[in-house]
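**Q** Predicted structure and sequence below. I'll ask about it afterward.
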Amino acid sequence: QIQGMPYGNCLLVSDGPINNSTGIPFFYVTPKDNTVADLLKNPVASLTLPEADGNFCRKNVIDPEDPRCTRLTLTGQMVTVPPEEMEFAKQAMFSRHPVIRKWPRNYEWFFMKMNIEHIWLQSWYGEVSIITAEE
């Protein structure tokens, strides 16, 4: 009934090991997840990251999902990580989320990343700034 409709999900994400962040979101996913099955058919996606550690929200004890807290939205194409980036993707995900090493192997896990096309920085009740990839 919802085929073709946008579908949101929470996925673990990493942009690299702690001392080597790249800004490119990597994911460890399974095709058994409806979100991933959809992305394999239509790779267009968006990812919103709240300013959980920002000074304003932390100092004022405001929920990171409150509209006064800044959030970054990345949009682009989700692609399977190519072989030449596989080792980096493993380091990125396993160093930030060690629990995934224990996930059941029979789920056919693989790595995806987002090729970012647009970056929006939203703060304070809807003000949006467009950020270039170079920035």
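**A** Happy to help now that I have it. Note that the coordinates shown come from a computational prediction; the quantities given were computed from them, not determined experimentally.

**Q** Strand partners (parallel or antiparallel) of the lengthiest strand in the chain?
**A** Longest strand in the chain by number of residues, with DSSP state E as the criterion: strand 110-123. Sheet pairing of strand 110-123 (DSSP bridges) gives strand 26-29 (antiparallel), strand 71-80 (antiparallel), strand 127-131 (antiparallel).

**Q** got JSON lines for the ones you listed, with mean pLDDT and distance to residue 110 too?
**A** In this view, the C-beta of every residue, glycine as well, is placed from N, C-alpha and C. Shown next, in JSON lines, are the strands paired with strand 110-123 (pLDDT from 0 to 100; distance: least, C-beta to C-beta, whole Å):
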{"stretch": "strand 26-29", "mean pLDDT": "97", "distance to residue 110": "7"}
{"stretch": "strand 71-80", "mean pLDDT": "94", "distance to residue 110": "6"}
{"stretch": "strand 127-131", "mean pLDDT": "87", "distance to residue 110": "29"}
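
**Q** sorry, back to before: who's in contact with the longest strand of the chain?
**A** Outside of strand 110-123, the residues within contact range by C-beta atoms under 8 Å, 6 or more residues apart in numbering are 23-31, 36, 39, 45, 47, 68-81, 85-86, 89-90, 93, 128-133, 135.

**Q** Could you turn the buried ones of those residues into a ChimeraX selection?
**A** Buried members of the contacts of strand 110-123, defined by 16 or more other C-beta atoms under 10 Å, are picked up in ChimeraX with:
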select :24,25,26,27,28,29,36,39,45,47,69,70,71,74,76,78,80,81,89,90,93
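
**Q** follow-up on the earlier one: what would the strands paired with strand 110-123 look like in JSON lines with distance to residue 18?
**A** Below are the strands paired with strand 110-123 laid out as JSON lines (distance: least, C-beta to C-beta, whole Å):
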{"stretch": "strand 26-29", "distance to residue 18": "14"}
{"stretch": "strand 71-80", "distance to residue 18": "19"}
{"stretch": "strand 127-131", "distance to residue 18": "23"}
